[in-house]
Every structure is written in structure tokens, then in C-alpha cells.
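S.K.: Structure, please.
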Amino acid sequence: MLKSLPSQTSEYLACREQVVAALADLPQGKALSEALIAGRDFVHLIHPDEVAGVSRIQVREGHGPQNLNDESTLDTQFHAYLEAAINPQIRTGFLSDGTKPGSYDDRKLRWSGNGVAGFWSRSQDTFTLEVGPTSYPQCRLDLTRSPLSALKLMMRGLTNYRDPYAYFARGIGVAVVPLTTDGNVYIGKRLNSSEYTGVLNFVAGWATFSPTVQDINFYQDAQGELWEEVNVAMTLNDTNTRFVGMSGNPITGEVDLVFVVQTEMPDRHFRSKQWGEHSCLVPIRSKAEALALLEHGLLPGEQEPCSLMFSSRLGLEYLVQHHW
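M.R.: Modelled structure (predicted):
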């Protein structure tokens, strides 16, 4: 399901034309340009064939976002950015590091590295991702910015750094597509989400920040989300889990690592009750049903189209190619 196109004002069209021209010679610039021109709410930046056989994900220190408020530049290197931009806000109480009882950690991870896609590399079974620090308020700002303002900010990043997302939080999340023992998947409309209420989504959530990058573990994050959202307790490993790539929103810059997981739970587990993160869970049981959702936004038996989360789209596309 494609969201409706942003308002096609002359200013918007002129700004989009500038961004598209600036993207022309960047790696993956074409993919982002096509998404912007078509008004898509997804852009797949790492595809399943590029990470086939990956069973280990490691991270390296990268950079935070550049300063939004004026033309002065920040030292965005991982620890310098923490000290200059994040830790002072924790000391004043504007941000929380999650150490106080009942508080959440406002520190988030961002995909770091100049260009349309952040830095990543693959060596045999190991995938390496570059990450930097950012914060939830910065992520929220990206999610609430108008498409025109986002294009202007992309142009600023392209002009100054050849990076359309240099000034974006570019928060990283994990998305998990759980397969039942009956061979089906269940998807539902997101509840209690100020950003994506009503959008169809599998299991998903923000990645967990740590100032020690060796402690960052996307498989553990995926494992935690499975338990929190659908009460599936399991250890993810190379026998039951497939990392299928990364997908993002072209306007907000946010991205998810996408995992397809073979659970030991039958269909009846997902039908057993209402789950807190979703209004209800609906089964997708065939290639035809998956294609109807991908191409028209239609769930089985429904006539009204729904929006589909970008990372859920990548997971569903993988299943169409490799499962059904």
C-alpha cells in the first residue's frame, strides 16, 4: 500500500527535483530518487540476496547527526557526540538513560555513514553495521517533520556532506516476522503508537542503545520484541532465524533490520488472545494473500486498503520469494 503523495505544490516539486539531481551520482541514489518521485513510504536499502548466509551481526562506532539549529558543526564521532550532545541533556533531566525506576532509555541508535545507505559491509557470515548515538526526541522530530521540510533538510545534507540524512536522527529498529508451525504469519494494525497507529506491522521496536558498541545485539532485541509483543520465548540462532536486510522510510530516514523467524508456535497461539501492541492479528496464509497486501494493501476478506510498515513489507516480500 502506497501512501498518498505529498501535496504537489510548486515549491515541493522544485525541491524534490533538486534533491533527485543531487542524488544522481550517489550509491543507491536512484533507489531513493525513485521512492521520492513515486511518493512511496518505503525504500529497501539492503536486500535479502546481499545478506544471504549472514548469522552474525556486529557493529562499529560511527557518528551522530549534525547540528540542526545553526550552521556550526558538531564533532559527531560516537563518544564525542555522547559527551557534547546527549549526556548534558541526561544531566539536566531532559533525556533519560533508563537507570531510574520506571523510566525508559531515550538514547537511540542511528545508522551512520555518508550516503543514501549508512555504512555496512559483509564478510562471510558476518554483517557489520556502523552506528552512532541519537535520541528519541530527535527521532520524533524526524517523524513529525513535513515532507517539504524533510526535502529541504535532505538538500542541506547533500550540499554540505553528500549525505541526504546527515541532519536526521535516522533511528534504527528491529522488525521480526514470526512464522508459525502451520507455515503462516500474523500481522496486525499497530496500537498505542503516536507515529504509526493503524499501520499494519509485524513485531517491531527500537534497537537498544549501549555506549559500548560490543554490547549492542540486534538478535537479542528481536528476541525481546517477540516475547514482549506476542509472548514467544525462544533463542534466535542460525537454525531458526534469517536476517533478510534493511528497509527504511525515505522521508524520515528511519530504518529497521528485518528478521524472519521460524517459531515453535502454531496458529492458535497467535489467535489465542488480543495482544497489547496490535488491534488484532490477521493470518497471511498464501502467496496470493501476501501479494494482495503488498500490491493493494488488502488483508484477507477486507475491502478497505491499509498502510503497511516498510520493514514488514520487506519481510513479506522475502516470504513471497522463498516461502510460499
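S.K.: okay, now residue 85: neighbour count?
M.R.: Neighbour count for residue 85, taken as other Cβ atoms under 10 Å: 20. Glycine gets a C-beta too; all of them are placed from N, C-alpha and C.
S.K.: I should have written residue 289 there, sorry.
M.R.: Counted with other Cβ under 10 Å, residue 289 comes out at 20.
S.K.: May I have the predicted confidence score for the residue nearest to it when sequence neighbours are not counted?
M.R.: For residue 289, ignoring the flanking residues on the chain, the nearest one in space by Cβ to Cβ, 6 or more residues apart in numbering is residue 300 at 5.1 Å. In the predicted model, residue 300 carries a pLDDT score of 94.
S.K.: contacting residues for residue 300?
M.R.: 282-285, 289, 292 (Cβ atoms under 8 Å, 6 or more residues apart in numbering).
S.K.: any low-confidence regions in the stretch 1-150 of the chain?
M.R.: Counting by pLDDT under 70, the ranges of the stretch 1-150 of the chain that qualify are 1-7.
S.K.: one step back: and the residue nearest to residue 289, what helix or strand is that in?
M.R.: In this structure, residue 300 sits in neither a helix nor a strand according to DSSP states H and E.
S.K.: Would you list the phi and psi of it?
M.R.: phi -50, psi 130 (degrees, to the nearest 10).
S.K.: The host helix or strand of residue 244 pairs with which strands?
M.R.: Taking DSSP H and E as the criterion, the element that holds residue 244 is strand 241-248. Strands adjacent to strand 241-248 in the sheet, as given by DSSP bridges, are strand 43-46 (antiparallel), strand 255-262 (antiparallel).
S.K.: immediately after the longest one, which helix or strand?
M.R.: If I follow you right, that is strand 255-262. Heading C-terminal from strand 255-262 (DSSP H and E), you reach helix 267-271.
S.K.: can you check the shortest one too?
M.R.: Helices and strands here follow DSSP H and E; after strand 43-46, the next one along the chain is strand 56-61.
S.K.: could you dump that following strand to PDB, C-alpha only?
M.R.: Extracted as PDB, the C-alpha positions of strand 56-61 are listed here (Å, rounded to 0.1, in the frame of the first residue of the first chain):
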ATOM      1  CA  ARG A  56      26.300 -12.800  13.000                       C
ATOM      2  CA  ILE A  57      25.800  -9.000  13.200                       C
ATOM      3  CA  GLN A  58      28.500  -6.800  14.700                       C
ATOM      4  CA  VAL A  59      28.600  -3.000  15.000                       C
ATOM      5  CA  ARG A  60      31.300  -0.400  14.800                       C
ATOM      6  CA  GLU A  61      31.400   3.100  16.200                       C
END
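S.K.: List the buried residues for that strand?
M.R.: Residues of strand 56-61 classed as buried by neighbour count (16 or more other Cβ atoms under 10 Å): 57, 59-60.
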